[in-house]
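1. what follows is a predicted protein model with its sequence.
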Amino acid sequence: DTGVSQDPRHKITKRGQNVTFRCDPISEHNRLYWYRQTLGQGPEFLTYFQNEAQLEKSRLLSDRFSAERPKGSFSTLEIQRTEQGDSAMYLCASSLGSSGSTDTQYFGPGTRLTVL
Amino acid sequence: AQRVTQPEKLLSVFKGAPVELKCNYSYSGSPELFWYVQYSRQRLQLLLRHISRESIKGFTADLNKGETSFHLKKPFAQEEDSAMYYCALNGKGANNLFFGTGTRLTVIP
């Protein structure tokens, strides 16, 4: 499968614990996005990378959230001191990064986080 | 502020009947509009975008700037169209998609 992959697919943790998710984009894509989706809602944008540079961050991304893309390839999203409100599906997407109009974002399967 | 409204959470139609999934948006500039679809147990994927003006799987969507709408239409629904459909907006020069809450379409055999 050459699509976007995410690991783990499911994570159950206790409140207060730290969790880290990984996203591997499509190999030639230089843009990478993180979204969060809660029950009954559409995906909500969290942050965006162009290569290794984090260029946009949503107000949803509190200080407990940090994302990295150290070599411009895979990315990690860490949540510190998890809260029950962090329970959601975390989606990663990647795109080629061509100039002009918005390029197509390809989504991964998501990581479902449950905070007990 | 940008906003995407999908007024119907659930929509059921009979096979062969026309289907229209509504999407209205609010954006001060010139947005790009998209429809994404998620079939059961599959990942979210792009269905179509207003710039390409394509028909994908028999679906079309026309951007109506006067009514700020981007409704998704298909003249004859098929059972395999049953899925979750999300309308999304991207502001010009922006790099993030803003999604509506989605409409679950069920095509009844």
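-> Perfect, thanks for sending it. Numbering: from 1, shown residues only, chains lettered A, B, ... in the order given.

2. what pLDDT is listed against residue A:40?
-> On pLDDT, residue A:40 comes in at 90.

3. list the beta-bridge partners for the residue of chain B at minimum distance from chain A.
-> At 3.1 Å from chain A, residue B:99 is the closest residue in chain B, using Cβ to the nearest Cβ. From N, CA and C alone the C-beta is placed, and that goes for glycine too. Following DSSP bridges, residue B:99 is listed with bridge partners residue B:88.

4. ok, how many other residues are close to residue 109?
-> I'll assume chain A. The number of residues packed near residue A:109 is 19, by other Cβ atoms under 10 Å in any protein chain shown.

5. think we crossed wires, I meant chain B
-> 8.

6. low-confidence regions, the chain specifically.
-> If you meant another chain, say so; for now it's chain A. For chain A, applying pLDDT under 70 flags the ranges A:1, A:98-101.

7. um, chain B though
-> Applying pLDDT under 70 to chain B flags the ranges B:92-93.

8. now the strands for it?
-> With strands called from DSSP state E, chain B shows them at B:3-5, B:10-14, B:19-21, B:24-26, B:32-38, B:45-49, B:60-61, B:72-74, B:83-90, B:98-99, B:103-108.

9. do you know which of the ones you listed lies nearest residue A:108?
-> For the strands of chain B, the distance to residue A:108 is smallest for strand B:45-49, at 11.1 Å, taking Cβ to Cβ.

10. give me the residues contacting that closest one.
-> Under the contact criterion Cβ atoms under 8 Å, 6 or more residues apart in numbering or on different chains, strand B:45-49 has outside partners A:102, A:104-107, B:32-38, B:54-57, B:59-61, B:72, B:85.

11. now that strand against strand B:83-90, angle please.
-> 60 degrees (axes from the mean of the first three to the mean of the last three Cα atoms, to 10 degrees).

12. partners of strand B:45-49 in the sheet?
-> Strand pairing for strand B:45-49, using DSSP bridges, gives strand B:32-38 (antiparallel).

13. return the distance of the partner strand from the chain's centre.
-> 5 Å (Cα atoms, centre = their mean, to the nearest Å).

14. and chain A, which residues reach chain B?
-> A:3-4, A:31, A:33, A:35, A:40-45, A:48, A:50, A:55-56, A:58, A:91, A:101-102, A:104-110 (Cβ under 8 Å from any Cβ of the partner chain).

15. just confirm residue A:90 contacts residue A:43, I think it does.
-> No: using Cβ atoms under 8 Å, residue A:90 is not in contact with residue A:43, being 9.6 Å away.

16. joint contacts of those two?
-> A:35-37.

17. out of these, who has the most neighbours?
-> Highest neighbour count within those, by other Cβ under 10 Å: residue A:35, with 27 neighbours.
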